[in-house]
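Visitor: Predicted model and sequence below, questions to follow.
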Amino acid sequence: MNLASLDLNLVVALRALLEERNVTRAGRRIGLSQPAMSAALARLRRHFDDELLSRVGGHYELTALGQVLLDRTSTACDLLERLFTSQADFDPAVESREFTIVASDYAVAVFGAELARTVHREAPGIRLRFVQTPPGIVEQTGTLLSTTDGLLMPHGIISDFPATELYQDQWVFLVADDNPEVGDQLTRDDLARLPWVTYRRTYDAPAVRQLAMLGIEPRVEVSVDGFTLLPFMVAGTRRIALVQELLAERLGGLAPVRIMRAPYEAVPLQEALWWHPVHTHDAAHIWLRETAARVGATVAARVGTAVAGRAVQGVAGQVIQAVDEGDPGDRSREG
């Protein structure tokens, strides 16, 4: 099929017809008269060699091909709209535009909130829309990225698309404050023995794969649709949960749980903003990616400060413990 021979206005008409399933309403939606819309439907039927809309009683229903085309036409229209609204120049201080970013509740809480604050300060006319990551993201990555402005997701799950690196996070465990079966440190035996709460999707796949390589098969008792729900499902139970450290720190105090180190060298999480190549030279999207990278560096710096603070606390704790236990070296110096 030669694209140059097609009337792309028919794509808009096709979407309206398939979604409205009524010639008059579809014409009103895109500003065409009823005769003009009927003519567009006739051309589409000849092109596809299919009725697309078939009359059943007093209304129209989609044919099998029409049903297939429904989602594809919506995706094509979204892609064309993004293509033809690309800009050579972009001034965030005066522009008005909405960016749609697909993300988990973890990514929104840790990174998205900081990005929104930065955009609020620097670009008052810019709107951010965060959309929950769909279940079939691995199979539908190309379609999703072509119709949105980006996807917040760690490395190790999708590939073959450009990404802007943001920050690194660590995996930790949550245990109820009053869980008598867990001491000061978790053990691998604890991970195999205790019931788990998990995020029901597989976007933490590298961490899960690592557990399998260690011979640990989590016994899942509860699964939830958001990382922010994990502490509440752990509190007051024997359950444990694997969660990102930055999120665990933000949720601290909301539920009576302890944050504990993994009893193995947990693979870190490298968060990134994934985007479709169609956005590569769009000035507005370039600004979004550069702003995201800047915010990511801020988050990364905060992580570094927290790590350094924990290291100092660890050394201080060792010194205090040595004094409490009556370190012989200290006693000799006193003598």
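Guide: Happy to help now that I have it. Residues are numbered from 1 along each chain as shown.
Visitor: And the pLDDT for the residue nearest the centre of the chain?
Guide: Taking CA atoms, centre = their mean, the centroid of the chain lies closest to residue 103, which sits 2.2 Å from it. Looking at residue 103, its pLDDT is 96.
Visitor: Contacts only, for it.
Guide: Counting by CB atoms under 8 Å, 6 or more residues apart in numbering, residue 103 touches 111-112, 130-133, 151-153. (C-beta placed from N, C-alpha, C; glycine too.)
Visitor: how about the strands in this protein?
Guide: Using DSSP state E, the strands of the chain run over 53-56, 59-62, 97-103, 126-132, 150-154, 163-169, 171-176, 195-199, 219-224, 240-244, 257-260, 269-274.
Visitor: Is it possible to get CSV of the ones you listed that adds distance to residue 27?
Guide: Shown next, in CSV, are the strands of the chain (distance: least, CB to CB, whole Å):
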stretch, distance to residue 27
strand 53-56, 13
strand 59-62, 14
strand 97-103, 27
strand 126-132, 29
strand 150-154, 35
strand 163-169, 42
strand 171-176, 55
strand 195-199, 46
strand 219-224, 46
strand 240-244, 50
strand 257-260, 58
strand 269-274, 38
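Visitor: and of these, who's closest to residue 81?
Guide: In terms of CB to CB, the element of those nearest to residue 81 is strand 97-103, at 11.8 Å.
Visitor: Could you list the buried residues of that closest one?
Guide: Residues of strand 97-103 classed as buried by neighbour count (16 or more other CB atoms under 10 Å): 97, 99, 101-103.
Visitor: before we move on, what about stretch 235-250?
Guide: With burial defined by 16+ other CB under 10 Å, the residues of stretch 235-250 counted as buried are 235, 237, 239-248.
Visitor: and these as a markdown table, adding pLDDT?
Guide: Compiled in a markdown table, the buried residues of stretch 235-250 are given as follows (pLDDT from 0 to 100):
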| residue | pLDDT |
| --- | --- |
| 235 | 96 |
| 237 | 97 |
| 239 | 97 |
| 240 | 97 |
| 241 | 96 |
| 242 | 95 |
| 243 | 95 |
| 244 | 95 |
| 245 | 96 |
| 246 | 96 |
| 247 | 96 |
| 248 | 95 |
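Visitor: Now do the contacts for residue 27.
Guide: Going by CB under 8 Å, 6+ apart, residue 27 touches 16, 33-34, 36-37.
Visitor: hey, what's the residue nearest to the residue nearest to the centre of the chain when sequence neighbours are not counted bridged with?
Guide: Spatial nearest neighbour of residue 103, excluding adjacent residues (CB to CB, 6 or more residues apart in numbering): residue 152 at 3.9 Å. Legend: beta-bridge partners of residue 152 under DSSP bridges are residue 273.
Visitor: Excluding residues flanking it in the chain, which one is nearest residue 231?
Guide: Computed as CB to CB, 6+ apart, the closest residue to residue 231 that is not its neighbour in sequence is residue 255, at 3.9 Å.
Visitor: doesn't residue 228 make contact with the one you found?
Guide: No. When contacts are counted by CB atoms under 8 Å, residue 255 is not listed as touching residue 228 (10.3 Å).
Visitor: picking that back up, what's the spacing between the residue nearest to residue 103 and residue 46?
Guide: To residue 46, residue 152 is 44 Å away according to CB to CB, to the nearest Å.
Visitor: sorry, back to before: among the contacts of residue 103, find the lowest-pLDDT one for me.
Guide: Confidence by pLDDT is poorest for residue 133 among the contacts of residue 103, given 90.
Visitor: Would you mind measuring from that residue to residue 33?
Guide: Residue 133 is 42 Å from residue 33, where distance means CB to CB.
Visitor: Compare neighbour counts for these two and give me the winner.
Guide: Just comparing residue 133 and residue 33: by other CB atoms under 10 Å the higher neighbour count belongs to residue 133, 19 against 11.
Visitor: Mind putting the contacts of residue 103 into TSV with distance to residue 55?
Guide: Formatted as TSV, these follow (distance: CB to CB, whole Å):
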residue	distance to residue 55
111	51
112	47
130	41
131	36
132	38
133	39
151	41
152	45
153	45
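Visitor: buried residues in stretch 283-294?
Guide: Buried residues in stretch 283-294, counted by 16+ other CB under 10 Å: 284-285, 287-289, 291-292.
Visitor: what's the closest of the residues you listed to residue 181?
Guide: residue 292 (41.8 Å).
Visitor: And the spatially closest residue to the closest one that is not a sequence neighbour, what's its pLDDT?
Guide: The shortest distance from residue 292 to any non-neighbouring residue, by CB to CB, 6+ apart, is to residue 273 (4.9 Å). At residue 273 the predicted local confidence, pLDDT, stands at 98.
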